[in-house]
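Student: what follows is a protein structure lacking sequence information:
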């Protein structure tokens with residue numbers, strides 16, 4: 001090994017996490033795909049693909065959606081991404097309003113709530129209004145807080161951390 005050359009090592013858990021992300025991304029993009037097709041495209045073993053898909057099913061992120069078209073032999077079982085397994089929240093703080101949207105994992109808006117508020121003049125009140133609107137959206141769709149996996153916030157000015 002040359003001086004200054006680093007060797008990158010990945011443990012089994014790191015490799016499993018990387019492969020899980022790869023499979024989840026593929027299933028999300030394709031919307032429906034068979035385990036066999038995933039194994040062909042990724043060059044992972046069928047048993048590895050099945051184990052990772054089982055983990056993703058257990059997490060509620062993917063599910064079996066029925067039989068696909070056979071290319072000879074038995075029909076493959078298609079796996080699909082569960083768009084509504086979890087939710088995302090978007091908050092927009094405008095100069096004079098607060099808007100909150102609740103989306104599925106594909107970014108489709110499930111519900112939205114908006115209120116007029118003097119955001120520039122009342123930053124603390126704006127945060128409270130955002131909390132109220134988030135809660136309103138969660139209640140409107142009967143979404144538990146624990147199923148919200150991400151939030152984005154848009155503000156009309158530079159932000160100090």
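Tutor: Looks like it arrived, so ask away. A quick note: this is a predicted structure, and the numbers were derived from the prediction, not measured.
Student: I'd say residue 108 and residue 90 touch.
Tutor: No - contact criterion CB atoms under 8 Å: residue 108 and residue 90 do not qualify, at 11.9 Å. From N, CA and C alone the C-beta is placed, and that goes for glycine too.
Student: and those two? Which one has more around it.
Tutor: residue 90 (19 against 9; other CB atoms under 10 Å).
Student: tell me the SS of the more buried one?
Tutor: With DSSP: H, G, I helix; E, B strand; the rest coil as the basis, the three-state label of residue 90 is strand.
Student: so what's the nearest residue to it once chain neighbours are set aside bridging to?
Tutor: Nearest non-adjacent residue to residue 90, counting by CB to CB, 6 or more residues apart in numbering: residue 101, 4.5 Å away. Bridge pairing for residue 101 (DSSP bridges) gives the partners residue 90, residue 112.
Student: flag every buried residue along the helix or strand that contains residue 36.
Tutor: Using DSSP states H and E, residue 36 maps to helix 35-42. Of the residues in helix 35-42, 35, 36, 37, 38, 39 count as buried by neighbour count, 16 or more other CB atoms under 10 Å.
Student: for it, name the packing helices and strands.
Tutor: Contacting helix 35-42 under the criterion 3 or more CB pairs under 8 Å, 6 or more residues apart in numbering; DSSP states H and E are the following elements: helix 12-30, helix 46-58, strand 77-81.
Student: residue 64 sits in which helix or strand?
Tutor: Going by DSSP H and E, residue 64 is in strand 62-67.
Student: distance between that strand and the chain's centre?
Tutor: Put simply, strand 62-67 sits 18 Å off its chain's centre (CA atoms, centre = their mean, to the nearest Å).
Student: for stretch 34-43, same thing?
Tutor: Offset of stretch 34-43 from its chain centre (CA atoms, centre = their mean): 22 Å.
Student: list the contacts of that stretch.
Tutor: 19, 22-23, 26-27, 44-46, 48-50, 53, 68, 76-79 (CB atoms under 8 Å, 6 or more residues apart in numbering).
Student: count the residues that sit near residue 61.
Tutor: 20.
Student: mind pulling the model confidence for residue 87?
Tutor: On pLDDT, residue 87 comes in at 97.
Student: my read: it touches residue 149, true?
Tutor: Yes - in terms of CB under 8 Å, residue 87 counts as a neighbour of residue 149; the distance is 7.2 Å.
Student: so how many other residues sit close to the residue nearest to residue 147 when sequence neighbours are not counted?
Tutor: Leaving aside its sequence neighbours, residue 147 sits nearest to residue 86 (CB to CB, 6+ apart; 5.1 Å). Using other CB under 10 Å, residue 86 has 17 neighbouring residues.
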